[in-house]
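Student: what's the 3D shape of this:
(chains A and B)
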Amino acid sequence: QKEVEQNSGPLSVPEGAIASLNCTYSDRVSQSFFWYRQYSGKSPELIMSIYSNGDKEDGRFTAQLNKASQYVSLLIRDSQPSDSATYLCAVNIGGGTASKLTFGTGTRLQVTL
Amino acid sequence: NAGVTQTPKFQVLKTGQSMTLQCAQDMNHNSMYWYRQDPGMGLRLIYYSASEGTTDKGEVPNGYNVSRLNKREFSLRLESAAPSQTSVYFCASSRIGTGRYNEKLFFGSGTQLSVL
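Tutor: Presented below is the predicted three-dimensional model:
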């Protein structure tokens, strides 16, 4: 079992719809969870981080964390064509002073006109 | 403000050749990392340096060596390149942090390496 799992997609949603991206992780002691966005041919960039159970909202993005179910999700409201990218879920496994993030393989999102 | 700078952006090697990928950050970060990204495999950690003077293996260290030259620079060396090392390599940095804090990774623009 991979430590961080995501559906590779592609996930296709129409413009203006809500996109829901999901991620599960295997390490019960993980404390930090991140969503990175990566456009084709570019480097990943952080869009959301979450540390506590529940929801965290930032503009059109909402991250949801359920530690009991070892599940983290990202909702994108009012999806735009510019949101078309690969979304990487990352989890800090093992703690420590360095950010040893373990990444999922990513979900490719396509927002259609 | 340059952030994290990687060189070169593209490289083609023949099997058995050696090369060094260079990385420098100007954000006064303590921790630096090398990842590789392959289709269907996601980003995998090769080596990291929690602070100047320390380096540790990540998930896929075989065939690589690293040097934390100073606080700013962290290089990745392939001593004898193999086709399995064809990949996109990303350098990243972060401020030192424990647990939940200060863990944002800043990535360089990547190096596309092909080993023939």
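Student: partners of the lowest-mean-pLDDT helix or strand in chain A in the sheet?
Tutor: Lowest on mean pLDDT, DSSP states H and E among the helices and strands of chain A sits strand A:101-103, with a mean of 90. Strand A:101-103 has its sheet partners listed here by DSSP bridges as strand A:85-92 (antiparallel).
Student: for the record, mean pLDDT for the strand it pairs with?
Tutor: Across strand A:85-92, the average pLDDT comes to 93.
Student: and what of stretch A:25-34?
Tutor: Averaged across stretch A:25-34, pLDDT comes to 84.
Student: can you give me the offset of it from its chain's centre?
Tutor: What separates the centre of stretch A:25-34 from the centre of its chain is 13 Å, taken as CA atoms, centre = their mean, to the nearest Å.
Student: Next: stretch B:47-59.
Tutor: Going by CA atoms, centre = their mean, the spacing between the C-alpha centre of stretch B:47-59 and its chain's C-alpha centre is 10 Å.
Student: helix/strand/coil for the most centrally placed residue in chain B?
Tutor: Nearest to the geometric centre of chain B sits B:W34, at 2.3 Å (CA atoms, centre = their mean). The three-state label given to B:W34 by DSSP: H, G, I helix; E, B strand; the rest coil is strand.
Student: returning to what we had before: next structured bit after the least confident helix or strand of chain A?
Tutor: Using DSSP states H and E, the next helix or strand after strand A:101-103 towards the C-terminus is strand A:107-112.
Student: strand partners of that following strand, parallel vs antiparallel please.
Tutor: Strand A:107-112 is paired, per DSSP bridges, with strand A:11-14 (parallel), strand A:85-92 (antiparallel).
Student: Give me the buried positions along the very next helix or strand once past the shortest one.
Tutor: Looking back up the chat, that one is strand A:11-14. Next helix or strand after strand A:11-14 toward the C-terminus (DSSP H and E): strand A:19-25. Neighbour counts over strand A:19-25 (16 or more other CB atoms under 10 Å in any protein chain shown) mark A:19, A:21-25 as buried. All C-beta spots, glycine's among them, are computed from the backbone N, C-alpha and C.
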